[in-house]
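Q: what's the 3D shape of this:
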Amino acid sequence: MADKPSRALVLYAAGHAALLGSSLDALASRASCGFLTLRSPTEEKSSTILELAQLLDVYDPKLSERFTGLRAAMVTLGFHVFQTNDFVNRAFGLLGFSDGNVQEASEFDLVFMHVRLEKLVAAVMEAAPIGSAISSRIHVSVILSYGSSSEADSDLNLLRPHQSYTMKAGDVRLHHPILLAQWQEGVTRVDLAKGFSFEEFMKHGGNLAMLAERFLHEVAFKLWKAPKYGA
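A: Residues are numbered from 1 along each chain as shown. A predicted model of the protein is given here:
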């Protein structure tokens, strides 16, 4: 557990999990990896809108009311990110990280970015190298989802032990989950996953699966804004 509250950067890319190359493997190798499961929609909706609604848990009151005054910013840039380093520097600035140092005050506690990742993850890791002041204070979550949700592969029924969400009411989709890797030096556990893929997370990921709508609660806990989910 960190001796000071963390600040969080969430990178979310929709429909890219099946197209991954090797660019995210380095992050997965130092992160705690697992899955976020989605509730099946009761009506036809865009898959991205459905995922965002559950990730942000928009059915509840605003974040600052739910999580002890949490200050959050959301940035969405569609499918293209240019001048990657400048973009990362701006996101870090919003969180109070500048020139490799941690400022006492920050404008936001959490920045949620809906982007096409490309080189963004590598730039974040370069800006927060292991052993730096920033790496122990920034909690990075990388979230990737599938563009398709057919039931042919990606079967979460194979996970053992079964998670508590499978016991509760609600139509939870047990295929094509969202892939999640979380990293903060000295805070998150490091599992045995060496690549960012469904198969690698199934075999070696340490986080198994939880409902997507509980994701922000877990992040808020790392920021000292909420009790541990399930505690």
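
Q: Identify the residues contacting residue 201.
A: 33, 34, 35, 179, 193 (Cβ atoms under 8 Å, 6 or more residues apart in numbering). (Glycine included, C-beta is placed from N, CA and C.)

Q: Can you show me the strands along the protein?
A: Along the chain, counting by DSSP state E, strands occupy 7-13, 32-37, 72-76, 97-98, 101-102, 110-114, 138-144, 178-183, 209-211.

Q: helices or strands up against the top helix by length along the chain?
A: Identified as the longest helix of the chain according to DSSP state H is helix 84-94. Under the contact definition 3 or more Cβ pairs under 8 Å, 6 or more residues apart in numbering; DSSP states H and E, helix 84-94 sits against strand 110-114, helix 120-127.

Q: Would you pull up how far the shortest one lies from the middle of the chain?
A: Okay, so that is strand 110-114. Its chain's C-alpha centre and that of strand 110-114 lie 9 Å apart, by Cα atoms, centre = their mean, to the nearest Å.

Q: the inter-axis angle of that strand versus strand 138-144?
A: 20 degrees (axes from the mean of the first three to the mean of the last three Cα atoms, to 10 degrees).

Q: strands paired with strand 110-114, and their directions?
A: Next to strand 110-114 in the sheet, as set by DSSP bridges, lie strand 7-13 (parallel), strand 72-76 (parallel).

Q: Same question for the helix or strand bottoming out on mean pLDDT in the chain: list its buried residues.
A: Ranked by mean pLDDT, DSSP states H and E, the helix or strand of the chain with the weakest confidence is helix 47-55, at a mean of 81. Using 16 or more other Cβ atoms under 10 Å as the test for burial, helix 47-55 gives 47, 50, 51, 52, 53, 54, 55.

Q: Run through the protein and note the low-pLDDT ranges.
A: 1-2, 15-23, 41-46, 58-61, 77-83, 118, 147-170, 229-231 (pLDDT under 70).

Q: go again using 90 as the cut-off
A: By pLDDT under 90, the low-scoring segments of the chain are 1-5, 13-26, 37-68, 74-90, 113-123, 144-178, 197-199, 202, 206-214, 227-231.

Q: what bridges to the spatially most central residue of the chain?
A: The residue lying closest to the centre of the chain (Cα atoms, centre = their mean) is residue 141, at 3.2 Å. Here residue 141 sits in beta bridges with residue 10, residue 182, as judged by DSSP bridges.

Q: thought it was touching residue 6?
A: No. Shown here, residue 141 and residue 6 do not form a contact pair, counting by Cβ atoms under 8 Å, at 11.2 Å.

Q: Which residue, other than its chain neighbours, is closest to residue 104?
A: Leaving aside its sequence neighbours, residue 104 sits nearest to residue 96 (Cβ to Cβ, 6 or more residues apart in numbering; 7.6 Å).

Q: So what's the residue count around that neighbour?
A: By the criterion of other Cβ atoms under 10 Å, residue 96 has 19 neighbours.

Q: wait, what's in contact with it?
A: So residue 96 contacts 7, 102, 103, 104, 105, 106, 107 (Cβ under 8 Å, 6+ apart).

Q: which residues touch stretch 57-77?
A: With Cβ under 8 Å, 6+ apart as the test, stretch 57-77 has contacts from 52-53, 91, 94, 107-116, 213-217, 220, 223-226.

Q: ChimeraX command to pick out the buried ones of those residues?
A: Per 16+ other Cβ under 10 Å, the buried members of those correspond to this ChimeraX selection:
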select :52,53,91,94,108,109,110,111,112,113,114,115,213,214,215,216,217,220,223,225,226
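
Q: coming back round to it: I'd like the strands of the chain as CSV, with distance to residue 66 appended.
A: Below are the strands of the chain laid out as CSV (distance: least, Cβ to Cβ, whole Å):
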stretch, distance to residue 66
strand 7-13, 15
strand 32-37, 18
strand 72-76, 11
strand 97-98, 25
strand 101-102, 26
strand 110-114, 12
strand 138-144, 18
strand 178-183, 20
strand 209-211, 16
